[in-house]
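**Student:** What follows is a predicted protein model with its sequence.
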Amino acid sequence: MRHTLVIIGAGFCGTVLAAKLLRRPPLAPTDVILIERAAEVGRGVAYADRDFPFLLNVPAARLSADTEDPLQFLRFAQRRLPDADGEDFLPRALYGDYLQEVLLLAERSAPAHTRLVRVFDEVRAVTRRAGAQPLAAEFVARPALPADRIILALGNPPSALPPWAASLLHHPAYRHDPWSPCPTLSAQHCVLIVGNGLTMADVAASLSRDAARTPRLVTISRRGLLPQQQTVFRATATYGAHEALLDSAHSIRRVLAAGRRLAREAEDAGGDWREVVTLVRHLAPAVWQRLPEEERRRFVRHLQTHWDVHRHRLPPALAAHIAALRAGGRLQVNAGRIMAVLPTEDDRLQVSWRARGGVAVRTLTADLVINATGPDYTLERSADPLMSSLRASGLVSRDALNLGLRTGLNGACVDAQGGLSDALFYLGPMLRAGHWEATAAPELRDHAERLAAHLAGGGA
């Protein structure tokens, strides 16, 4: 009897997991069924082939999907771009091409008892069933698909719908999806981008591709902090610093103090504070799991935004472009809170907002308002039918801080009663609930490798 492993989602996580299962499959005859609701695998939202060359925010030499071959992506890129260097920030669409090739080569090399099946459809629910195969993936218009194991590789959830946008979803001047097409704009128009993170920078770059037609760009976020810039650095000055961070992991204040001290030491030795951020990234799961819940809560409340702008950095070319837009007066960055957004008679939007620390309400009339606030990990607010169904059925549960899903070893889902599933797994950024750092390709690749080994070694 053939075993069935169903992977829901074929972005980075689903594609890499499928490729690893094909290369080192279970001993039993196995079908790896990769389900994607879009038209192709390997891209997802992050690596879609768009009309603007959005850049990766990690250098090419650090983006291999295979830990045993660290320069695999760089070699792939150099076949297309012979002058590409390991420190280059390359187009995201190229990385999507790479993931597609990784999967194709794994499929071709798979042993005869293992096969890949691609299904292009949307899963609306996962249900329990009696029999040898304990779960089934439910579709809208095709029969249910029984499975021995189901892996949720759903990617980042969409942004939350702000209260002020509830009545604007279908307004021509509002974009809840920052990647959806924008109307033709010129220098006479004004665009409000809500959020100041990496997505804002991408949107601003896309809207300013033609200098003569760049609209006036205004941003608003609660703290007004912009991501820092990437640099070329070698992680050498932090040698031997692991113990200092791990020893301080009972208090977020002590973790912060240790990190600041290490950053000063790195810079005094001719290094870069980014070396310390990289070190903390690698230790984040261990530190996070040692912190008491109240200390984790303190971090989310007071430090998360500051960590994010130092951790999730801009490629140098994009950082320079954003700086030039600000210097030229085409981009205004604000810290504040939006109070209300009302339609005008000419299909624009009037925005009332209050600056951080201020009391006066200001107004801005925008030709376009774009939500670039980033993913919303709160399960109760999810509008995704599959995630809503999983939560309603009790197959998954949220963590205490609304950071993602509760999971156990190898991403096994924890149900509403606290039980650990041996049939339902999660792979993706919602692992941050238990690991904190689980959003970048290197961390997710490592999780994919561990899960693939588990499934191949008896999980199936």
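**Tutor:** That came through fine. What you see is a predicted model; the values in this text were computed from it and never measured. Numbering: from 1, shown residues only.
**Student:** Residue most distant from the centroid, this structure?
**Tutor:** When each C-alpha in the chain is compared with the mean C-alpha position (CA atoms, centre = their mean), Glu345 comes out farthest, at 37.5 Å.
**Student:** Could you check how far that residue is from Leu169?
**Tutor:** Glu345 sits at a distance of 20 Å from Leu169 (criterion: CB to CB, to the nearest Å). Heads up, the C-betas are built off the backbone N, CA and C, glycines and all.
**Student:** do Arg296 as well
**Tutor:** Going from Arg296 to Leu169 by CB to CB gives 33 Å.
**Student:** mind listing what Ser221 touches?
**Tutor:** When contacts are counted by CB atoms under 8 Å, 6 or more residues apart in numbering, Ser221 is found next to 194-197, 200, 334-336, 373.
**Student:** now the helices for this structure?
**Tutor:** Under the criterion DSSP state H, helices of the chain are mapped to 12-23, 72-80, 92-109, 198-207, 242-247, 252-268, 273-290, 293-298, 304-311, 316-327, 385-393, 432-435, 441-454.
**Student:** Identify all contacting residues around the shortest one.
**Tutor:** Defining contact as CB under 8 Å, 6+ apart, one finds that helix 432-435 is touched by 284-285, 288-289, 377, 398-399, 401, 403-407, 438-439, 443.
**Student:** same thing with stretch 410-427?
**Tutor:** Applying CB under 8 Å, 6+ apart, the contact partners of stretch 410-427 are 13-14, 17, 126, 134-135, 147-153, 394-397, 405-408, 431, 444, 447-448, 450-451, 454-455, 459.
**Student:** same question, stretch 110-120
**Tutor:** Under the criterion CB under 8 Å, 6+ apart, residues 10, 18, 21-23, 25-26, 28-39, 41, 103, 106-107, 145 lie in contact with stretch 110-120.
**Student:** list the buried ones in it?
**Tutor:** By neighbour count, with 16 or more other CB atoms under 10 Å as the criterion, the buried positions of stretch 110-120 are 110, 114-116, 119.
**Student:** Need the phi and psi values for the residue farthest from the centre of the chain.
**Tutor:** Geometry field for Glu345 lists phi and psi as phi -70, psi -20, criterion degrees, to the nearest 10.
**Student:** What separation do you get for it and Thr365?
**Tutor:** Plainly put, Glu345 is 11 Å away from Thr365 if you go by CB to CB.
**Student:** re the thing from before, in CSV, list the helices of the chain along with mean pLDDT and mean neighbour count.
**Tutor:** Conversion of the helices of the chain to CSV gives the following (pLDDT from 0 to 100; neighbours: other CB atoms under 10 Å):
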stretch, mean pLDDT, mean neighbour count
helix 12-23, 97, 26
helix 72-80, 98, 18
helix 92-109, 98, 19
helix 198-207, 97, 22
helix 242-247, 85, 15
helix 252-268, 92, 17
helix 273-290, 92, 19
helix 293-298, 97, 14
helix 304-311, 95, 16
helix 316-327, 97, 16
helix 385-393, 95, 17
helix 432-435, 94, 21
helix 441-454, 95, 20
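**Student:** Adding distance to Ala60, write the ones you listed out as JSON lines.
**Tutor:** JSON lines is the format used below for the helices of the chain (distance: least, CB to CB, whole Å):
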{"stretch": "helix 12-23", "distance to Ala60": "15"}
{"stretch": "helix 72-80", "distance to Ala60": "5"}
{"stretch": "helix 92-109", "distance to Ala60": "9"}
{"stretch": "helix 198-207", "distance to Ala60": "18"}
{"stretch": "helix 242-247", "distance to Ala60": "27"}
{"stretch": "helix 252-268", "distance to Ala60": "24"}
{"stretch": "helix 273-290", "distance to Ala60": "17"}
{"stretch": "helix 293-298", "distance to Ala60": "34"}
{"stretch": "helix 304-311", "distance to Ala60": "19"}
{"stretch": "helix 316-327", "distance to Ala60": "14"}
{"stretch": "helix 385-393", "distance to Ala60": "33"}
{"stretch": "helix 432-435", "distance to Ala60": "25"}
{"stretch": "helix 441-454", "distance to Ala60": "11"}
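**Student:** quick one, which of those helices is nearest to Val359?
**Tutor:** Proximity to Val359, assessed across those by CB to CB, is greatest for helix 304-311 (22.6 Å).
**Student:** Off-centre distance for the closest one?
**Tutor:** In terms of CA atoms, centre = their mean, to the nearest Å, the centre of helix 304-311 is found 14 Å from the chain centre.
**Student:** Equivalent analysis for stretch 213-229, please.
**Tutor:** Averaging C-alpha coordinates over stretch 213-229 and over its chain gives two centres that are 20 Å apart (CA atoms, centre = their mean).
**Student:** With stretch 324-334 instead?
**Tutor:** Once both centres are worked out by CA atoms, centre = their mean, stretch 324-334 turns out to sit 27 Å from its chain's centre.
**Student:** again, but for stretch 167-178
**Tutor:** Its chain's C-alpha centre lies 22 Å from the corresponding centre of stretch 167-178 when counted by CA atoms, centre = their mean.
**Student:** and for it, what are the contacting residues?
**Tutor:** Contact partners of stretch 167-178, identified using CB under 8 Å, 6+ apart, comprise 158-159, 161, 165, 182-183, 193, 199, 202-203, 341, 343, 347-349, 366-372.
**Student:** Just the mean pLDDT for that stretch, thanks.
**Tutor:** Taken as a whole, stretch 167-178 has an average pLDDT of 96.
**Student:** Figure out the length between the terminal residues of that stretch.
**Tutor:** Its first and final residues considered, stretch 167-178 spans 18 Å by CA to CA, to the nearest Å.
**Student:** For it, buried residues please.
**Tutor:** Along stretch 167-178, these residues count as buried under the neighbour rule (16+ other CB under 10 Å): 168, 173-176, 178.
**Student:** for stretch 204-222, same thing?
**Tutor:** Taking 16+ other CB under 10 Å as the basis for neighbour counts, the residues of stretch 204-222 that come out buried are 204-208, 214-221.
**Student:** can you pull out the strands in the stretch 351-460 of the chain?
**Tutor:** Listed in chain order, the strands of the stretch 351-460 of the chain (DSSP state E, counting those that start in this stretch) span residues 361-366, 368-371, 412-414, 420-426.
**Student:** Check those strands for me and report the most buried one.
**Tutor:** Across the strands of the stretch 351-460 of the chain, averaging neighbours per residue (mean count of other CB atoms under 10 Å) puts strand 368-371 on top, at a mean of 24.
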